[in-house]
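K.L.:
Return a 3D structure for these sequence lines:
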Amino acid sequence: MIEFNPPASARLTHSGSTECALGGPCDELASGHALSFMQRRLASVTSTKWHDAIVDEVSDGGQIRLTTIANNEQILLWHHSHIGHDVKAGDPVALHEIYHVLAVGSTWFNVSIEAF
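P.N.:
So this is what the prediction gives:
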C-alpha cells in the first residue's frame, strides 16, 4: 500500500460540499455529512489506515462505489450530497477505514461506509 501523506494545506482547509441534502449549509457531523476538524486531524496522523482505490461509479443519490487497489475489494460509500462534480468514475482516491474520510486529491469528504 502506498503511504498517504497529504500536504499541510489539505489538512487545514475545509473540504467538500457544505450544501446538505436536507437543505442549506451542512453542520451535521454524522457519517456522510460535514468533515470535523478532529476527524481530519486523526485521519491525517494515522497514515497506515488509508486504502488506495479507484472510483467505479458515482450516483446522483450520493453513493460512491470504489475498488481497492491492494486487494480488488469493492466498497460502497455514501455522502449526503451528490459529489459527482468532485468525484468521477476512474478517479484515484484514498479511503481512511477508521475515520471514514474519502480523499480526492486535496479535497476530503466525510463518508459513510455502507459495505466494506
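K.L.:
After the longest strand along the chain, which helix or strand is next?
P.N.:
Longest strand in the chain, counting residues (DSSP state E): strand 50-58. Per DSSP states H and E, the first helix or strand lying C-terminal to strand 50-58 is strand 63-68.
K.L.:
all helices of this protein, in order?
P.N.:
Ranges of helices in the chain, per DSSP state H, are 8-12, 37-45.
K.L.:
ranking the ones you listed by mean pLDDT, which is last?
P.N.:
Per-segment mean pLDDT for these reaches its minimum on helix 8-12, at a mean of 42.
K.L.:
got the contact list for the residue minimising distance to the centre of the chain?
P.N.:
The C-alpha lying nearest the average C-alpha coordinate of the chain belongs to residue 102 (Cα atoms, centre = their mean; 1.6 Å). Neighbour list for residue 102: 64, 77, 79, 87, 93, 94, 95, 96, 108, 109, 111 [criterion: Cβ atoms under 8 Å, 6 or more residues apart in numbering]. Heads up, the C-betas are built off the backbone N, CA and C, glycines and all.
K.L.:
ok, of those residues, which one's closest to residue 54?
P.N.:
Set against residue 54, the nearest of those by Cβ to Cβ is residue 93 (7.3 Å).
K.L.:
Cross-check the contact I'm expecting between the closest one and residue 54.
P.N.:
Yes: using Cβ atoms under 8 Å, residue 93 makes contact with residue 54 at a distance of 7.3 Å.
K.L.:
Name the residue in those two with the higher neighbour count.
P.N.:
Taking other Cβ atoms under 10 Å, residue 93 and residue 54 do not tie; residue 93 has more neighbours (21 against 13).
K.L.:
how near is that one to residue 53?
P.N.:
As judged by Cβ to Cβ, to the nearest Å, residue 93 and residue 53 stand 5 Å apart.
K.L.:
now residue 73
P.N.:
9 Å.
K.L.:
residues bridging contact with those two, i.e. touching both?
P.N.:
Here residue 73 and residue 53 have residue 67 as joint contacts, going by Cβ under 8 Å, 6+ apart.
K.L.:
Neighbour count: the two, which is higher?
P.N.:
Shown here are residue 73 and residue 53; by other Cβ under 10 Å, residue 53 has more neighbours (24 against 13).
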